[in-house]
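# Below is the sequence, then the predicted model.
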Protein chains: 2
Amino acid sequence: MGEALQLYTYWRSSAAYRVRIGLNLKGLAHDLVPVHLVRDGGQQHAADYVALNPQHLVPTLRHGERVLTQSLAILEYLDEVFPQTPLLPTSAEARARVRALAQVVACDIHPLNNLRVMQYLERTVEADAARREEWTRHWMREGFAALETMLAGSPDTGRFCHGDTPGLADCCLVPQLYNAHRFGVDLAPYPTLQRIEQACLALPVFDRARPEQQPDAQ
Amino acid sequence: MGEALQLYTYWRSSAAYRVRIGLNLKGLAHDLVPVHLVRDGGQQHAADYVALNPQHLVPTLRHGERVLTQSLAILEYLDEVFPQTPLLPTSAEARARVRALAQVVACDIHPLNNLRVMQYLERTVEADAARREEWTRHWMREGFAALETMLAGSPDTGRFCHGDTPGLADCCLVPQLYNAHRFGVDLAPYPTLQRIEQACLALPVFDRARPEQQPDAQ
């Protein structure tokens, strides 16, 4: 599979950040194509981009002629096509655990707080800024409380979410914690999440994927 | 793997409905354990249940001693442990397509509209009933428009979301369309979704999983 990998990304998108980590963990050379979610009324709404991603969302991955959407589907694809440095463990039970941890973030925290939802809350629901910020923090606290229980209570948790090598759940957790810092969520109740974040960000593959390290960061 | 399967379910939960379809598609005998999401202040908040599912959400699957959460993680687990009647195709590219279709529903439509979000919109954001219903319909229309494009525009779409046998994407689509009917979403713009829903519900394995067929239906 020597075909080129191109990731359509936005520096602050936590879904794109997940895939940047996954590509780095696997050591896959790739090009970044910035899609600015605010400029020009949102470049994700441009016809060229919507032809690739009918959801008007980032990320999208091109791999040769293939066009892939949805960050978790992309990460699983990368894991199947490039088996080096697996993102998922081998047993079905462990895989289910890692996927569930990833999905707490990718299904039950992040989609409630992404840009289009915040815009809808402001423009259509007419929720004021204080309520919108409390909304964001509320769903993070709900999800983080569950994750802390799932991680702190399991012997399968190691230096990272599952054992001592980073994987799919860490790809999701670290970007969500970036959002938590940005929105001022008090992380004191989640010591395990904080510990895992530190372990991840100490690795160059995570550090290089950080929003502030992106060519389109502002 | 002759161990017992027990699904903690609520008749109207579309995430639980996905897993009911998956269990039926695979022909797996299982017991249903109803968790009433409204009665008793919400049985999903009872200590016994939270010990199984720290997110206070349905579904949860028990398989022998194993406890599994998150509907997509559960369906992938079932597919790995019980390979008969696979829910995912074999090639990595096709698997990514099916997972992305499933995740449009499971990440970007349903989590915005589930019970806890509707309760928060009412009680904390103080959005009135008209705005809450429009919220629900808005996110369904957004997601359905993307799904219609992804499905109608692909030669991989068959009688079902991927080819001529039902799978993971159909497990997610049909419950979401149940919610669409319930909330009065106009489905005329989505003829492919409607066609696939009809094909699915004509099958006894889908019909038996419908909310109205559940022992806890009211």
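Thanks, I have the structure now.
# check contacts around A:Asn179.
Shown in contact with A:Asn179 (CB atoms under 8 Å, 6 or more residues apart in numbering or on different chains): A:Ser14, A:His110, A:Asn113, A:Thr136, A:Met140. Placement of C-beta: from N, CA and C, glycine included.
# Is A:Ala96 in contact with B:Leu78, as I believe?
No: the criterion here is CB atoms under 8 Å, and A:Ala96 misses it with B:Leu78 at 9.2 Å.
# quick one: which of the contacts of A:Asn179 is most hemmed in?
Neighbour counts for those (other CB atoms under 10 Å in any protein chain shown) peak at A:His110, which has 26 neighbours.
# What sits closest to it if chain neighbours are left out?
A:Ser14 (5.8 Å; CB to CB, 6 or more residues apart in numbering or on different chains).
# Roughly how far does that neighbour sit from chain B?
Per CB to the nearest CB, to the nearest Å, A:Ser14 is found 12 Å from chain B.
# shouldn't that residue be in contact with A:Gln176?
Yes: A:Ser14 is in contact with A:Gln176 according to CB under 8 Å; the separation is 6.0 Å.
# How about the contacts made by A:Val98?
Contacts of A:Val98 (CB under 8 Å, 6+ apart): A:Leu88, A:Pro89, A:Cys161, A:His162, A:Gly167, A:Leu168, A:Ala169.
# let me redo that: A:Gly167
Counting by CB under 8 Å, 6+ apart, A:Gly167 has contacts A:Leu25, A:Pro86, A:Leu87, A:Leu88, A:Pro89, A:Val98, A:Phe160, A:Cys161.
# again, but for A:Val19
Taking CB under 8 Å, 6+ apart as the criterion, A:Val19 is in contact with A:Leu7, A:Thr9, A:Pro59, A:Leu61, A:Ser71, A:Ile74, A:Leu75, A:Cys171.
# cutoff 7 Å now
By CB atoms under 7 Å, 6 or more residues apart in numbering or on different chains, A:Val19 lies in contact with A:Leu7, A:Pro59, A:Leu61, A:Ser71, A:Ile74, A:Leu75.
# Same question for A:Val104.
Per CB under 7 Å, 6+ apart, neighbours of A:Val104: A:Gly143, A:Ala146, A:Leu147, B:Gln55, B:Gln70.
# about what we covered before: could you identify the most distant pair in the contacts of A:Asn179?
Farthest apart among the contacts of A:Asn179 by CB to CB are A:Ser14 and A:Thr136. That separation is 12.0 Å.
# Just the buried positions in stretch A:88-102, please.
In terms of neighbour count (16 or more other CB atoms under 10 Å in any protein chain shown), stretch A:88-102 has its buried residues at A:Leu88, A:Pro89, A:Ala92, A:Glu93, A:Arg95, A:Ala96, A:Arg97, A:Val98, A:Arg99, A:Ala100, A:Leu101, A:Ala102.
# Would you mind giving those as TSV with distance to B:Leu37, secondary structure and pLDDT added?
Below are those laid out as TSV (distance: CB to CB, whole Å; DSSP: H, G, I helix; E, B strand; the rest coil; pLDDT from 0 to 100):
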residue	distance to B:Leu37	secondary structure	pLDDT
A:Leu88	31	coil	98
A:Pro89	32	coil	98
A:Ala92	28	helix	98
A:Glu93	27	helix	98
A:Arg95	28	helix	98
A:Ala96	23	helix	98
A:Arg97	25	helix	98
A:Val98	27	helix	98
A:Arg99	23	helix	98
A:Ala100	20	helix	98
A:Leu101	23	helix	98
A:Ala102	24	helix	98
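# tell me which parts of chain A are close to chain B?
Within chain A, the positions lying close to chain B (CB under 7 Å from any CB of the partner chain) are A:54-55, A:66, A:68-70, A:72-74, A:76-77, A:80-81, A:92-93, A:95-96, A:99-100, A:103-104, A:106-108, A:111-112, A:117, A:120, A:125, A:127, A:131, A:135, A:138, A:146, A:149-150.
# Need the residues that contact stretch A:71-83.
A:1, A:15, A:18-19, A:22, A:26, A:28, A:59, A:61, A:68, A:86-88, A:102, A:106, A:168, A:171, B:92, B:95-96, B:99-100, B:103.
# how about the nearest residue to A:Gly143, chain neighbours excluded?
Nearest non-adjacent residue to A:Gly143, counting by CB to CB, 6+ apart: A:Ile109, 3.8 Å away.
# As a check, name the ranges of all helices in chain A.
For chain A, the helices defined by DSSP state H occupy A:14-25, A:47-52, A:71-81, A:92-108, A:110-113, A:115-123, A:129-152, A:168-182, A:191-201, A:204-207.
# Can you say which of these is packed in most?
helix A:14-25 (a mean of 26; mean count of other CB atoms under 10 Å in any protein chain shown).
# for that helix, what is the average pLDDT?
Averaging pLDDT along helix A:14-25 gives 98.
# Could you chop chain A up by domain?
Per automatic domain parsing, the domain ranges recorded for chain A read A:5-85+A:207-213, A:92-204.
# Of those domains, which is nearest B:Val50?
Closest to B:Val50 of those, according to CB to CB: domain A:92-204, at 8.6 Å.
# What's the end-to-end length of that closest one?
Domain A:92-204 has an end-to-end distance of 29 Å (CA to CA, to the nearest Å).
# Next: stretch A:57-68.
From its first residue to its last, stretch A:57-68 covers 12 Å (CA to CA).
# which residues are in contact with that stretch?
Taking CB under 7 Å, 6+ apart as the rule, stretch A:57-68 contacts A:3-10, A:13, A:15-16, A:19, A:35, A:44, A:52-53, A:69, A:71, A:74, A:77, B:93, B:96, B:100.
# Sort out which residues of it are buried, please.
Within stretch A:57-68, the residues scored as buried using 16+ other CB under 10 Å are A:Leu57, A:Val58, A:Pro59, A:Thr60, A:Leu61, A:Arg62, A:His63, A:Val67, A:Leu68.
# now, which of those sits nearest chain B?
Taking CB to the nearest CB as the measure, chain B lies nearest A:Leu68 of the buried residues of stretch A:57-68, at 5.1 Å.
# and the gap between the closest one and A:Gln55?
A:Leu68 sits 12 Å away from A:Gln55, going by CB to CB, to the nearest Å.
# same check, this time on A:Glu148
For A:Glu148, the distance to A:Gln55 - CB to CB - is 30 Å.
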